[in-house]
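Chemist: output the structure for:
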Amino acid sequence: MLWCSNVNAIEIRDLSLSVDGKTILNGINLYVEENTITIITGPSGSGKTTLLKVLAGYIPNLYKLYSVSGVVKVFNMQPLNALLNGLVTYIPQDTWSFLIGRTVCDELTVLGLKRGYSDELCLRPIETLSDGELYDMLIQLSLSLGAKLILVDEPSTHLDYSKLVYVMEKFRGLVDEGRLTVVVADHGYQSYAKYVDAVIEIAKDSYSINRATKTEYYNHYGGVALRVDDVWVKLGDRYIVEGLSLKAREGEVIALYGRNGVGKTTLIKVLAGFIKPDKGSIRRFGSLFYIPQRPIYWFSTASVIDELKLYSKIYSKNLDVVENAIEFFNLSKIIDRDPYTLSVGEARRLSFALSYIASPKILLIDEPTLGLDNNSTEILYSYLDVARRSSVCIIMATHSRLIVEQASRVVELGNLNGCDE
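Modeler: I've put the predicted structure just below:
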């Protein structure tokens, strides 16, 4: 139990929560002082997001299947009442599901807010914003609405480092002025720990994996798997890629690196063939598998095991490969779950397992660490080792410096011209 102070923005006593007989949270006791920044950490699937949704009043008022016991108070009232009184806002991992306007201006109008953005940004369609830009917009909207408690889900996986520091400094200033309380669910808080008042771990994951070092395999490249010749890509009225030429080889790991909004997702979709470049050509020498930022929307069966078996059938693999994937990606505890009930990190691990079953020659991953805790990140690193040893060409779009360290080559957006070697 953590006691933060005498004046509490949040009081939780003996909170337990389950769904379909599965315990998600058990016996949680938590007291959070007003005007503080508190981190809730724990492994993927430990209930961090669920706890935020309880504090926001979404559970059990919107999610009726959850069974909840115990006492939860936000500013000494029921969480739903605090939400309806405008005291609480929740910024989710899945940013897209919380926006209803066509443009940023539309969203401001719906919320009854004045424009706080430039005309260029305000008039942009929501679907053209990057994940990081959407996340930043939700934070700014929350501050504009005058909420006293902001619940933030996994900011470190959505925001690049400079934007993350900017947001935390903004929070810290408002907290120190006595105007705001912030609760953040995040397993990657270490990069901004200096802004935090308290850290609470709600669960521990004993799963671990030993991986090989990245340098052991970096010099074993095969033939060209993907070739880019003089590609130009336009995003809105500006070019994010100008004259890119690139030869990506078998067994090579390439990071497309850059801050939020520079066009990483757009470029990787161009490489995958979903978006046609404005100029130039792309040739792919072998099968390709693309993992988007939100793979959960690509699942099509009622359970994790059915999803794995479906892919083994599509790619003509025997069930031994499915069993290997379950063990390697630590899926045994969620094997009977509906994919649409998985946390972002769990869904990420499932998407890695599906690509493992597919065994492509070219693997494209958009923001690979999105929603991953430390152990799941180690699983990812180990998978990258296995894939490149199998001569898979891996290209990842990322703002994570840790992922950049795993790459044999880095292509930095904003400096995309003639970077072939």
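Chemist: switch to C-alpha atoms for all contacts and neighbour counts from now on
Modeler: Will do.
Chemist: which residues of the stretch 201-350 of the chain fall in helices?
Modeler: Applying DSSP state H, counting those that start in this stretch to the stretch 201-350 of the chain gives helices spanning 264-272, 304-314, 319-328, 344-358.
Chemist: highest mean neighbour count out of those helices?
Modeler: Mean neighbour count (mean count of other CA atoms under 10 Å) peaks for helix 344-358 among the helices of the stretch 201-350 of the chain, with a mean of 24.
Chemist: what strands line up against the helix or strand following it, and which way round?
Modeler: Downstream of helix 344-358, the first helix or strand assigned by DSSP states H and E is strand 362-366. Using DSSP bridges, strand 362-366 pairs in its sheet with strand 288-291 (parallel), strand 393-398 (parallel).
Chemist: what does strand 362-366 rub up against?
Modeler: Contact with strand 362-366 is made by 225-226, 265, 268, 272, 286-293, 355, 392-398, as judged by CA atoms under 8 Å, 6 or more residues apart in numbering.
Chemist: low-confidence ranges in the stretch 1-150 of the chain?
Modeler: For the stretch 1-150 of the chain, the stretches flagged by pLDDT under 70 are 1-7, 95-100, 110-121, 131-132.
Chemist: returning to what we had before: and the helices of the stretch 201-350 of the chain: which comes nearest Asp197?
Modeler: Taking CA to CA, helix 344-358 is the member of the helices of the stretch 201-350 of the chain nearest to Asp197, at 25.4 Å.
Chemist: the closest one: how far from the chain's middle?
Modeler: 13 Å (CA atoms, centre = their mean, to the nearest Å).
Chemist: between helix 319-328 and that helix, find me the angle.
Modeler: 150 degrees (axes from the mean of the first three to the mean of the last three CA atoms, to 10 degrees).
Chemist: where does the nearest residue to Ser130 once chain neighbours are set aside land on pLDDT?
Modeler: For Ser130, ignoring the flanking residues on the chain, the nearest one in space by CA to CA, 6 or more residues apart in numbering is Gly261 at 5.1 Å. pLDDT, Gly261: 73.
Chemist: just checking, Gly261 touches Leu134?
Modeler: No. Between Gly261 and Leu134 there is no contact under CA atoms under 8 Å: 9.4 Å.
Chemist: neighbour count winner among those two?
Modeler: Of the pair Gly261 and Leu134, Leu134 is the one with more neighbours under other CA atoms under 10 Å, namely 23 against 19.
Chemist: that's a helix at that one, yeah?
Modeler: Yes. Leu134: assigned to a helix according to DSSP: H, G, I helix; E, B strand; the rest coil.
Chemist: spatially central, which residue of this structure would that be?
Modeler: Leu370 (2.9 Å; CA atoms, centre = their mean).
Chemist: any idea how far it is from Thr377?
Modeler: 9 Å (CA to CA, to the nearest Å).
Chemist: with Tyr189 instead?
Modeler: 14 Å.
Chemist: and for Asn29?
Modeler: From Asn29 to Thr377 the distance is 29 Å (CA to CA).
Chemist: likewise for Asn26?
Modeler: Applying CA to CA to Asn26 and Thr377 gives a distance of 26 Å.
Chemist: just the strands in the stretch 151-300 of the chain please.
Modeler: Ranges of strands in the stretch 151-300 of the chain, per DSSP state E, counting those that start in this stretch, are 181-185, 198-201, 224-235, 238-249, 253-257, 279-284, 288-291.
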